[in-house]
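**Student:** here are the coordinates; sequence isn't available:
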């Protein structure tokens, strides 16, 4: 049986560890082995029964290991994923069993997390290492590029495209057919009516560029 290792034992990592037993394939195809983290003492003062088994730099993947990276900082996420990938580590998708995913033409990359009660409609493309936290709704014909992080209760409307390394904060709404470029941030509670330029941070309803 494969063994899942969560990269980073911070808050998001501990959330994934708590949700893992409710995810598809648990105790059938894989079990949870533990964390690797840059700080071996990170959970020392937290009530957590899942151990940190090694540092990210020192851990050497074995043939039964599978990985997922649980960190919100996209630059660090890319760094840690690259480190493990270069050592031959394989990444799995972690999908909560309460989520609803269309049976019609939905594709995932690798290393994705689909949290509790997400809804993904038909003809959707999701890249590598995408995190959809709980209660994220994805409309039809949406493209979500790699390293996107969508936070709880966000909505992405049909025919929209979210660029690489962009972050959608809680309760944000991306209206249908809107294009969000790479490295963008959509603020909490925002409503995005029009396309967002590369690297921009937008906030408000209607969302306006603030950085």
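**Tutor:** Received it, and whenever you're ready, just let me know what you need. Source: prediction; values computed, not measured. Residues are numbered from 1 along each chain as shown.

**Student:** confidence score at the residue nearest to the spatial centre of the chain?
**Tutor:** For the chain, the residue lying nearest the average C-alpha position, counting by CA atoms, centre = their mean, turns out to be residue 131 (1.3 Å). The confidence metric pLDDT takes the value 98 at residue 131.

**Student:** do the same with residue 48
**Tutor:** On the pLDDT scale, residue 48 is placed at 77.

**Student:** contacts only, for it.
**Tutor:** When contacts are counted by CB atoms under 8 Å, 6 or more residues apart in numbering, residue 48 is found next to 9, 14, 17. Placement of C-beta: from N, CA and C, glycine included.

**Student:** quick one: which of those is the most crowded by neighbours?
**Tutor:** Highest neighbour count within the contacts of residue 48: residue 9, with 27 neighbours (other CB atoms under 10 Å).

**Student:** tell me the SS of it?
**Tutor:** Taking DSSP: H, G, I helix; E, B strand; the rest coil as the rule, one finds residue 9 in the coil state.

**Student:** what bridges to the closest residue to it other than its chain neighbours?
**Tutor:** Counting by CB to CB, 6 or more residues apart in numbering, residue 9 lies nearest to residue 35, which is 3.9 Å off, once chain neighbours are set aside. Legend: beta-bridge partners of residue 35 under DSSP bridges are residue 6, residue 52.

**Student:** need the contacts of residue 48 in JSON lines (columns: pLDDT and distance to residue 196).
**Tutor:** Formatted as JSON lines, the entries for the contacts of residue 48 read as follows, by pLDDT from 0 to 100; distance: CB to CB, whole Å:
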{"residue": "9", "pLDDT": "93", "distance to residue 196": "33"}
{"residue": "14", "pLDDT": "93", "distance to residue 196": "32"}
{"residue": "17", "pLDDT": "95", "distance to residue 196": "33"}
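
**Student:** now residue 110, nearest residue through space, not along the chain?
**Tutor:** Distance criterion CB to CB, 6+ apart; nearest residue to residue 110, sequence neighbours excluded, is residue 91 at 4.6 Å.

**Student:** quick one: the one you found from residue 70, how far?
**Tutor:** Applying CB to CB, to the nearest Å, one obtains 12 Å for the distance of residue 91 from residue 70.

**Student:** more neighbours: those two, which one.
**Tutor:** Here residue 91 and residue 70 are compared on neighbour count by other CB under 10 Å; more neighbours surround residue 70, at 22 against 19.

**Student:** name the element residue 60 belongs to?
**Tutor:** Counting by DSSP states H and E, there is no helix or strand that carries residue 60.

**Student:** counting neighbours, what do you get for it?
**Tutor:** When counting by other CB under 10 Å, one arrives at 10 neighbours for residue 60.
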